[in-house]
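Novice: Show me the folded form of this:
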Amino acid sequence: MEMTLLPWAVFLLIVAALLAFDLGVLNKTDHEISVRESLWLSAFYIAVALLFGLGVWWYRGPDDALLYYTGFLVEKSLSLDNVFVFALIFAFLGIPRIYEHRVLVWGILMALVFRAIFVGFGAAAVTEWQWILWFFGAFLIYTGVKMLFVKEGSGPDFENSIVYQWMKRRMNLTTEYRGHAFWFKENGVRFFTPLFVALILVNFADIIFAVDSVPAILAITQDPFLVYTSNIFAILGLRALYFALSAMIHRFHYLKYALALILVVIGVKIVLMMIGIKLPAILTLGVTFGLIAGGIGYSLHKTKEVKNVLSS
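Specialist: The predicted model follows:
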């Protein structure tokens, strides 16, 4: 597929402007982001992503725009699961809410690099070895089914995780805060604050989630530009949406089942594609949107019932 530098240049300029806005304006002073502010920021990032899709439509045609929007929705949907893990990480380390945004924003910079590596490797692997899509399909179906039957309350064990234990052995970790600094020096010794530990764990979690989300988008298109741009725009908006979702995390109990079904559906889509049955992108887009809407709606309905019972 013919590629030019212009779309990449426009994309990188937009991302650079958004990061400058986040770091230079929103993150200039430490403050706790309210649910209202979070929703407005999330709406802004979604609007930017949708407008970029219109640019793809104008420059590369409606087919590529549809693939971009499908990839964006799939990544946005699967990234919702990240919110639950991020909330658990911050709770585990006791991170003050006023500093959570700083950790998430700097995590974006690392996510840009890691996602580029994953997308580049994945796209190259699929181009060189088409049979690897069989593996992607089976892996997504297995992961989705496993998520459906995961035991209640069996969350990640950060205390005994390899990454956290390695940091405790090899680095000078401290529970002390020095403003929003990730580290500080005292008597010539560098100490790492809980914010640095949170940053590493957040990005490690993002890498783990990329193992699911990147193959899912590669099932929709193997175009590196469409895969990477849809990935990054979804991630940028996720940081903004985090504060609204984390405040209402108890209301989305059944959302994980919708995410699991999305993985299964995309895995089945890959298998069908490999045997010569290609499902239209608009169908994948519709099914993904329907599952997410259903998962959110059912969660809000059930938790409302529980709330009414408890209050009566």
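Novice: Find the centremost residue of this protein, please.
Specialist: residue 79 (3.2 Å; CA atoms, centre = their mean).
Novice: As a check, name the ranges of all strands in the stretch 101-250 of the chain.
Specialist: For the stretch 101-250 of the chain, the strands defined by DSSP state E, counting those that start in this stretch occupy 183-186, 189-192.
Novice: List the buried residues for the last one?
Specialist: Of the residues in strand 189-192, those scored as buried under the neighbour-count criterion (16 or more other CB atoms under 10 Å) are 191-192. Using the backbone N, CA and C atoms, a C-beta is placed for each residue, glycine as well.
Novice: still on that earlier bit, and the strands of the stretch 101-250 of the chain as CSV, adding distance to residue 206 and mean pLDDT?
Specialist: Output for the strands of the stretch 101-250 of the chain, formatted as CSV (distance: least, CB to CB, whole Å; pLDDT from 0 to 100):
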stretch, distance to residue 206, mean pLDDT
strand 183-186, 21, 88
strand 189-192, 19, 91
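Novice: JSON lines for the ones you listed, including distance to residue 219?
Specialist: Below are the strands of the stretch 101-250 of the chain laid out as JSON lines (distance: least, CB to CB, whole Å):
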{"stretch": "strand 183-186", "distance to residue 219": "40"}
{"stretch": "strand 189-192", "distance to residue 219": "39"}
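Novice: on that earlier part again, can you read off the backbone torsions of the residue nearest to the centre of the chain?
Specialist: phi -70, psi -20 (degrees, to the nearest 10).
Novice: Per-residue pLDDT of the residue nearest to residue 203 when sequence neighbours are not counted, please?
Specialist: Distances taken as CB to CB, 6 or more residues apart in numbering put residue 110 closest to residue 203, at 4.7 Å, once the chain neighbours are dropped. With respect to pLDDT, residue 110 has a value of 82.
Novice: can you pull the contacts of residue 110?
Specialist: Shown in contact with residue 110 (CB atoms under 8 Å, 6 or more residues apart in numbering): 199, 203, 206.
Novice: Can you go through the residues you listed and name the buried ones?
Specialist: 199, 203, 206.
Novice: What is the nearest of these to residue 123?
Specialist: residue 206 (19.0 Å; CB to CB).
Novice: show me what contacts that closest one?
Specialist: Residue 206 sits in contact with 82, 107, 110-111, 114, 235, where contact means CB under 8 Å, 6+ apart.
Novice: Output the lowest mean pLDDT helix or strand found in this structure.
Specialist: In the chain, no helix or strand scores lower on mean pLDDT, DSSP states H and E than helix 281-311, which sits at a mean of 72.
Novice: How many residues are close by the nearest residue to residue 141 once chain neighbours are set aside?
Specialist: Closest residue to residue 141 apart from its sequence neighbours, by CB to CB, 6+ apart: residue 267 at 3.5 Å. Residue 267 has 23 neighbours, counted by other CB atoms under 10 Å.
Novice: so where's the stretch 101-250 of the chain uncertain?
Specialist: 150-156, 246-250 (pLDDT under 70).
Novice: Going along the chain, name the helices of it.
Specialist: For the stretch 101-250 of the chain, applying DSSP state H, counting those that start in this stretch gives helices covering 132-148, 162-170, 194-218, 224-247.
Novice: Can you say which of these is nearest to residue 49?
Specialist: Ranking those by proximity to residue 49 (CB to CB) places helix 224-247 first, at 3.9 Å.
Novice: what comes into contact with the helix or strand following that closest one?
Specialist: In the C-terminal direction, the helix or strand that comes right after helix 224-247 (DSSP states H and E) is helix 255-274. Contact with helix 255-274 is made by 74, 77-78, 80-81, 84, 133-134, 136-148, 150, 212, 216, 219-220, 278-279, 284, 287-288, 291-292, 294-296, 299, as judged by CB under 8 Å, 6+ apart.
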